[in-house]
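Trainee: Below are the sequence and a predicted model; questions follow.
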Amino acid sequence: MPSKVRSPPHRISISPLTHSAFAPFGTVIENPLTSPSPATLLPQSVHANQGTAIKYLDVTNLNNHYPLAGSKRPAKAVINMFVCAPRRLRTAPAASTPTEDELDGFSSPSQGETVQLFDVSILERHPYTPQTFIPMGLPTKSTCSSSSLHTYYLVIVAPTLPSRRQRYSTTLPKPYPSAEPAHKPTLVERFKLGRPAPFTNDSLPPPSPAIDMELNLSGNPKGRGMPDLGNIKAFIARGNQAVTYGPGTWHAPMVVLGDKSVDFVVVQYANGIANEDCQEVVLERVKGASEGAVVEVDMRSLEKLMSARVYENGRINSKL
């Protein structure tokens with residue numbers, strides 16, 4: 001049974017999917033030679049196929065973290081296919097406050113106009129495994145005319161709240177072993193730590209693994225916290241982009257917009273234990289609010305995001 005959390009009203013604007021913007025949540029996989037938003041560090045490459053191909057090495061992280069799971073049941077690599085139908089949107093008045101697109105110079109609906117909204121009603125995480133979504137057959141701007149480009153997919157993610165800042169209770173099992181209770185040092189121990197001991201080579205103890213987990217070092221699982229509903233992000237992806245959600249990353253199920261279904265090949269690890277493979281929370285709007293977390297979909301802005309060819313620091317160059 002998924003936990004339920006209250007989501008305050010929050011309208012989320014759509015941003016382009018870039019390496020830098022998505023880095024806190026996972027990896028964007030795309031051809032570095034044709035990407036309008038190249039990664040800061042290009043992956044290592046070698047020639048392959050008798051010199052007719054370039055092979056990029058380790059373009060994403062697919063480490064198995066199931067040894068951290070409480071059951072200790074081994075996991076195996078699985079490859080599934082998701083056929084994702086377009087989502088239904090609802091019509092509502094446009095937000096009266098400026099959106100990020102407006103601040104970037106893009107046209108957005110004025111006050112009094114209506115927009116299409118997607119309600120974010122559920123978030124999930126896979127505590128011990130990355131999860132890579134690879135779209136198949138979705139056209140890109142370079143392969144079709146603008147009049148035939150009517151299908152998109154959105155990537156919706158949320159940061160993880162540190163456990164110490166948990167703002168609501170949950171019935172979800174903890175995805176990682178709880179840290180041992182902190183030892184309260186005695187007066188003598190505090191004195192010894194105040195200055196280096198002159199006759200020993202003792203050093204301060206290494207940081208706790210639980211602390212490293214909270215810091216979310218590159219490639220490590222996220223912490224035990226719930227999603228930060230005030231900082232949900234929505235990205236629009238091109239047809240030649242795949243994404244890897246980092247282990248433990250809170251994300252919405254894949255959101256397809258437009259005319260057609262999109263086929264995704266999905267690669268991850270799984271051990272068959274439901275609460276260790278996937279954990280979910282249902283978002284409910286707070287009492288008295290007309291909406292909760294919603295993504296504002298303006299098709300005119302989406303067309304501009306998809307057609308722009310230059311990105312600067314993870315943001316669209318509005319001077320094009």
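Mentor: Great, that's in hand. No experiment lies behind these values; they were computed from the predicted model shown.
Trainee: tell me which helix or strand of this protein sits lowest on mean pLDDT?
Mentor: Lowest on mean pLDDT, DSSP states H and E among the helices and strands of the chain sits helix 209-215, with a mean of 37.
Trainee: So what touches the helix or strand following that one?
Mentor: Beyond helix 209-215 in the direction of the C-terminus, DSSP states H and E gives the next helix or strand as strand 233-237. By Cβ atoms under 8 Å, 6 or more residues apart in numbering, the list of residues contacting strand 233-237 from outside reads 12-17, 21-22, 25, 135, 152-158, 243, 295, 302, 305-306. Just so you know, the C-beta spots here come from the backbone N, C-alpha and C atoms, and that holds for glycine as well.
Trainee: mind listing which of these are in strands?
Mentor: Residues of the contacts of strand 233-237 located in strands (DSSP state E): 12, 14-16, 135, 152-158, 243, 295.
Trainee: wait, isn't Thr129 in contact with Val267?
Mentor: No: in this structure, Thr129 is not within contact of Val267 by Cβ atoms under 8 Å, at 9.5 Å.
Trainee: Look at those two and report which has more neighbours.
Mentor: A count of neighbours by other Cβ atoms under 10 Å puts Thr129 above the other of Thr129 and Val267, at 27 against 18.
Trainee: and the more buried one, how far is that from Pro227?
Mentor: 18 Å (Cβ to Cβ, to the nearest Å).
Trainee: just curious, which of the ones in strands among the contacts of strand 233-237 is nearest to Thr249?
Mentor: Nearest to Thr249 among these: Val157, at 6.1 Å, using Cβ to Cβ.
Trainee: Could you double-check that that closest one sits in contact with Asn231?
Mentor: No: at 9.5 Å, Val157 and Asn231 do not qualify as touching, with contact defined as Cβ under 8 Å.
Trainee: more crowded one of the two?
Mentor: A count of neighbours by other Cβ under 10 Å puts Val157 above the other of Val157 and Asn231, at 23 against 13.
Trainee: who's in contact with that one?
Mentor: Phe22, Phe25, Gly26, Ile232, Lys233, Phe235, Tyr245, Thr249, Trp250, His251, Ala252.
Trainee: Okay, and the beta partners of it?
Mentor: Val157 has these beta-bridge partners by DSSP bridges: Lys233, His251.
Trainee: Quick one, grab the pLDDT at it.
Mentor: With respect to pLDDT, Val157 scores 98.
Trainee: Would you mind measuring from it to Gly51?
Mentor: On the measure of Cβ to Cβ, Val157 and Gly51 end up 39 Å apart.
Trainee: Where does the nearest residue to Pro86 once chain neighbours are set aside sit, in terms of helix or strand?
Mentor: Among residues not flanking Pro86 along the chain, Val256 sits closest, at 5.0 Å (Cβ to Cβ, 6 or more residues apart in numbering). Assigned by DSSP H and E, Val256 belongs to strand 255-258.
Trainee: what does that strand rub up against?
Mentor: 84-87, 89, 118, 150-156, 262, 295, 297, 302.
Trainee: try 6 Å this time
Mentor: Strand 255-258 is contacted from outside by Cys84, Pro86, Arg87, His150, Thr151, Tyr152, Tyr153, Leu154, Val262, using Cβ atoms under 6 Å, 6 or more residues apart in numbering.
Trainee: go on, stretch 60-72?
Mentor: Here stretch 60-72 makes contact (Cβ under 6 Å, 6+ apart) with 27, 29, 75, 128, 130, 176, 219, 221, 244, 247, 269, 271, 273, 276.
Trainee: Which of those fall in strands?
Mentor: Counting by DSSP E, the part of the contacts of stretch 60-72 found in strands is Thr27, Ile29, Thr244, Tyr269.
Trainee: which one of these has the most neighbours?
Mentor: That'd be Thr244 among those, by other Cβ under 10 Å, with 23 neighbours.
Trainee: Thr132 is in contact with that one, correct?
Mentor: Yes: the criterion here is Cβ atoms under 6 Å, and Thr244 meets it with Thr132 at 4.3 Å.
Trainee: low pLDDT regions in the stretch 1-150 of the chain?
Mentor: Scanning the stretch 1-150 of the chain for pLDDT under 70 picks out the ranges 1, 37-41, 95-112, 140-149.
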